[in-house]
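[1] this is the structure alone, sequence omitted:
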């Protein structure tokens, strides 16, 4: 593939990924408007966000494996087509139930888009400088898209209508489909079979969903209630069944041998706490800005604007130094900066200002995410065989989405529990809950730092003259 064509392909794939990540957060700022328009119960409102992340993360392994077995471009196009159509239907939703069901289907469509798109990136660019640069762009989109979603969501909600947060996907999706059909070569699978491990997919999806559902509802049910314990126990049994199935299946959804690659295991372990802290933080901070600081939706969105700007600068600067110092140091430094930003947020008060209470934290977190995301993407995909790039991509995206869903469940649970028990007025109680939740989120960053320090093997990158793991052939 010609140099210019490769970067056109990357642009199209990044556009598809931007749609996926955008819809993880675009509804955050619009939540008060959605609640008012559709009559949502306040306790059920977080499911607008959680349902998408939950079905996305729960079916990513299936989507990644489908890309390996049935062709990456074909899987990507099926995912984008479904995502675009469902986005239109979400914009037309008339009830909370319709919206939540459609968000679940949208997440499943995204699960077929994201790993196939990243898999195409990995097989288009050589390991080394070229791939690091491409992954820098990908990481900026993947991490910055969530913050950009808050900005875009604020603008659309304020000046148009919350429904346009989803309608916008329709023209973007059509543009992406047309470009991919023209510029992205078809991929003929090299796998010796077309068997999808549906039993494994059912076990892991239901297990992960049970886990997040239990953690989300625990503050309402009570942490030691029968409902909480039984739901979490069911999750443990289902996930144990998944591991048992994978160790015996002739064509497993997730061959356990891939965890013998130490950095693959470590990178996935790091991605979960990093995104747990970030998605939960976006949810809580967007509500804080509107409820405590009385920001309008567009003002709340603009408040997050420095995040994608700083992140993009850092993510596109880091690859220039990656060859000299390796990715491990950046992964460690990124976790530290992320933790410091979350600690800063844990000091907010009812009277905090944006310039001193919020902006420094956003800058620290954005810089940390810029370093962490590109480093963890490189660690998770280095040394993976071409026929498993979809699997590796699906695993990393699963860690990202399930981390986000778990983080949102845990942090919102912490915040609501503290607020409920504080005995303070509603605004002071909300701030007390947020402070504790941000402190817990900083511990997630600390866990990521420890894994980066003691599990990840750092190595300097080559100049990129090695052959690519696979050449995508046109058919």
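    Yes, it's here. Quick caveat, the model's predicted, so the values are computed rather than measured. Numbering: from 1, shown residues only.
[2] which residues does residue 346 contact?
    435, 436, 438, 439, 442 (Cβ atoms under 8 Å, 6 or more residues apart in numbering). Where you see a C-beta, it was placed from the backbone N, CA and C, and this is true even at glycine.
[3] now do 6 Å
    Taking Cβ atoms under 6 Å, 6 or more residues apart in numbering, we find residue 346 in contact with 435, 438, 439.
[4] quick one: the helices in the stretch 201-350 of the chain?
    Along the stretch 201-350 of the chain, counting by DSSP state H, counting those that start in this stretch, helices occupy 226-248, 262-291, 297-303, 306-325, 327-345.
[5] buried sites along the longest one?
    Right, the one you point to is helix 262-291. Across helix 262-291, burial judged by 16 or more other Cβ atoms under 10 Å covers 263-291.
[6] now do the shortest one
    Burial within helix 297-303, assessed by neighbour count using 16+ other Cβ under 10 Å, is assigned to 297, 298, 299, 300, 301, 302, 303.
[7] over to the last one?
    With burial defined by 16+ other Cβ under 10 Å, the residues of helix 327-345 counted as buried are 327-328, 330-345.
[8] what's the mean pLDDT across whichever helix or strand comes after that helix?
    Sequence order places helix 359-381 as the next helix or strand after helix 327-345, per DSSP states H and E. Averaging pLDDT along helix 359-381 gives 86.
[9] how much does helix 359-381 deviate in direction from helix 262-291?
    150 degrees (axes from the mean of the first three to the mean of the last three Cα atoms, to 10 degrees).
[10] surely residue 402 meets residue 55?
    No - Residue 402 lies out of contact with residue 55 (Cβ atoms under 6 Å); the separation is 10.9 Å.
[11] residue 254: which of the helices of the stretch 201-350 of the chain is closest?
    The stretch from the helices of the stretch 201-350 of the chain with the least distance to residue 254 (Cβ to Cβ) is helix 226-248; that distance is 5.5 Å.
[12] for that closest one, name the packing helices and strands.
    Contacts defined by 3 or more Cβ pairs under 6 Å, 6 or more residues apart in numbering; DSSP states H and E place helix 226-248 against helix 198-221.
[13] output the contacting helices and strands for the helix it packs on.
    Using 3+ Cβ pairs under 6 Å, 6+ apart: helix 198-221 touches helix 47-70, helix 226-248, helix 389-421.
[14] what's the first helix or strand after the last one?
    Using DSSP H and E, the helix or strand that follows helix 389-421 in sequence is helix 426-454.
[15] give me the number of neighbouring residues for residue 353.
    Residue 353 has 11 neighbours, counted by other Cβ atoms under 10 Å.
[16] and the one 10 residues further on, by the same measure?
    The tally of other residues near residue 363 (other Cβ under 10 Å) stands at 18.
[17] any idea how far residue 10 is from the residue nearest to it when sequence neighbours are not counted?
    Using Cβ to Cβ, 6 or more residues apart in numbering and skipping the chain neighbours, the partner closest in space to residue 363 is residue 310 (5.6 Å). For residue 310, the distance to residue 10 equals 22 Å [Cβ to Cβ, to the nearest Å].
[18] got it, and residue 212?
    Taken as Cβ to Cβ, the span from residue 212 to residue 10 is 32 Å.
[19] which stretches of the stretch 1-150 of the chain form helices?
    3-25, 31-38, 47-70, 72-91, 96-124, 129-159.
[20] so what secondary structure elements neighbour the third one?
    Put plainly, it is helix 47-70. Helix 47-70 packs on helix 96-124, helix 198-221, helix 389-421, going by 3+ Cβ pairs under 6 Å, 6+ apart.
[21] next, format those as JSON lines and append mean pLDDT, mean neighbour count and distance to residue 38.
    Shown next, in JSON lines, are the helices and strands packed on helix 47-70 (pLDDT from 0 to 100; neighbours: other Cβ atoms under 10 Å; distance: least, Cβ to Cβ, whole Å):
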{"stretch": "helix 96-124", "mean pLDDT": "86", "mean neighbour count": "24", "distance to residue 38": "5"}
{"stretch": "helix 198-221", "mean pLDDT": "81", "mean neighbour count": "20", "distance to residue 38": "20"}
{"stretch": "helix 389-421", "mean pLDDT": "79", "mean neighbour count": "25", "distance to residue 38": "20"}
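[22] list the residues that contact the residue nearest to residue 268 when sequence neighbours are not counted.
    Nearest non-adjacent residue to residue 268, counting by Cβ to Cβ, 6+ apart: residue 399, 4.3 Å away. By Cβ under 6 Å, 6+ apart, residue 399 lies in contact with 268, 271, 272.
[23] contacts only, for residue 361.
    Residue 361 touches 341, 344, 345, counting by Cβ under 6 Å, 6+ apart.
[24] what's the nearest residue to the second one if we skip its chain neighbours?
    Nearest residue to residue 344, sequence neighbours excluded (Cβ to Cβ, 6+ apart): residue 361, at 3.9 Å.
[25] again, but for residue 441
    residue 277 (3.9 Å).
[26] what about residue 230, neighbour count?
    Residue 230 has 13 nearby residues by other Cβ under 10 Å.
[27] mind checking how far it is from residue 237?
    10 Å.
[28] tell me how many other residues surround the residue nearest to residue 402 when sequence neighbours are not counted.
    Spatial nearest neighbour of residue 402, excluding adjacent residues (Cβ to Cβ, 6+ apart): residue 57 at 3.9 Å. Residues contacting residue 57 under the criterion other Cβ under 10 Å number 29.
[29] pretty sure residue 57 is touching residue 400, no?
    No - look at residue 57 against residue 400 with Cβ under 6 Å: they stay out of range, at 7.6 Å.
[30] check which helix or strand residue 456 maps to.
    Per DSSP H and E, there is no helix or strand for residue 456.
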